[in-house]
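1. got a predicted structure plus its sequence, pasted below:
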Amino acid sequence: MNSVLAQGEYEYLCDGDVMPVAECWQLLRSVDGYEIRSTRTVPSQSLVISACARVRAGQITRCLLQWGLEPGGKTVARAFFRMNPDGLGPGECRSEKSPAMYRFRRSGTPSRSIPAVGVHFFPLMRIFSGQLIGALAKRGGSGGVLVPWIQDPSRVNKLFAPELSNRRVFYLGVGQAGFQGKACDCFHYSGGEYDNGAEYHLAEGLMWAYHWQQGRKEWQVRLKNFSGEWPGAALWLHPRIALAGLAGGEPY
């Protein structure tokens with residue numbers, strides 16, 4: 001039976017006001033690595049998004065995503081990501097027969113699959129931010145990222161379709177997640193839908209705060225109710241380890 005090592009919640013704010021969005025997560029120890037479970041609930045839309053991922057050697061090896069509606073828990077869309085069975089990273093697949101793969105399906109439609117070799121997979125939930133930024137850092141600060149599409153919940157026929165874009169990270173230096181005074185490594189993240197970029201605050205690979213501008217609105221996400229023991233680099237690569245001595249404002 002897997003044991004819970006750490007858990008917490010992310011709350012969302014828009015222009016300083018707390019939004020009715022709840023995003024909870026748990027980190028568990030498994031036989032061959034770690035497992036992360038996270039759920040985002042939006043009561044105003046009767047919406048629940050869940051992710052369950054296995055992490056081994058710092059990489060997401062498998063992940064199941066589900067988009068559901070309450071009440072009743074009707075599943076509207078599902079997606080599944082699988083890393084190469086030999087555990088190789090993006091761009092390192094040696095076998096044409098076993099590439100990384102992303103499969104998605106909406107209710108009432110057949111499933112579709114695409115190869116996901118050479119890209120980093122981001123399973124939507126904020127708890128996975130440290131893994132993605134560390135992976136991009138390791139690859140020189142930029143790379144292709146696959147994100148399941150969820151921008152407009154009313155477009156059910158497009159939910160979880162793979163969205164591919166190039167993303168880039170810069171190290172900004174050490175700062176604080178202001179509301180908690182937590183010393184963090186700060187990163188600028190850009191690409192995809194982030195026209196003006198976003199800023200992440202990480203401590204030992206755990207995201208404590210994140211903010212971005214969307215039109216005229218200022219959005220923030222911040223960690224609260226954290227408990228347990230975060231395993232740090234034993235879980236995934238710290239971006240500062242990948243930084244290799246470069247400092248403020250310089251790309252990796």
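-> Thanks, I have the structure now.
2. buried sites along stretch 72-79?
-> V76, A77, R78, A79 (16 or more other C-beta atoms under 10 Å). Every residue, glycine included, has its C-beta placed from N, CA and C.
3. measure the residue nearest the centre of the chain to F81 for me?
-> The geometric centre of the chain, computed from its C-alpha atoms, lies nearest to F128 (C-alpha atoms, centre = their mean), at 3.4 Å. To F81, F128 is 11 Å away according to C-beta to C-beta, to the nearest Å.
4. what is in contact with the two at once?
-> The contact sets of F128 and F81 overlap at I60 (C-beta atoms under 8 Å, 6 or more residues apart in numbering).
5. hang on, the earlier thing: tabulate the buried residues of stretch 72-79 in CSV, adding columns for pLDDT, distance to A242 and secondary structure.
-> CSV is the format used below for the buried residues of stretch 72-79 (pLDDT from 0 to 100; distance: C-beta to C-beta, whole Å; DSSP: H, G, I helix; E, B strand; the rest coil):
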residue, pLDDT, distance to A242, secondary structure
V76, 94, 37, strand
A77, 96, 33, strand
R78, 97, 32, strand
A79, 98, 28, strand
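6. could I get the full set of helices for the stretch 1-150 of the chain?
-> 129-138 (DSSP state H, counting those that start in this stretch).
7. on that earlier part again, please report phi then psi for the closest residue to the residue nearest to the centre of the chain other than its chain neighbours.
-> Spatial nearest neighbour of F128, chain neighbours left out: F122 (6.1 Å); criterion: C-beta to C-beta, 6 or more residues apart in numbering. In terms of degrees, to the nearest 10, the main-chain angles of F122 are phi -120, psi 110.
8. if I pick F122, what's in contact with it?
-> F128, L132, V145, L146, V147.
9. of all these, which comes closest to V117?
-> Nearest to V117 among these is L146, at 10.4 Å by C-beta to C-beta.
10. that closest one contacts H120, doesn't it?
-> Yes. Between L146 and H120 there is a contact under C-beta atoms under 8 Å: 7.1 Å.
11. with neighbour numbers in mind, choose between the two.
-> H120 (25 against 20; other C-beta atoms under 10 Å).
12. R106 versus that one, what's the distance?
-> Using C-beta to C-beta, H120 is found at 24 Å from R106.
13. L28 now?
-> For L28, the distance to R106 (C-beta to C-beta) stands at 29 Å.
14. which one's more surrounded, these two?
-> Set L28 next to R106 and count neighbours by other C-beta under 10 Å: R106 wins out with 20 against 17.
15. in the sheet, who's paired with the more buried one?
-> A77 (DSSP bridges).
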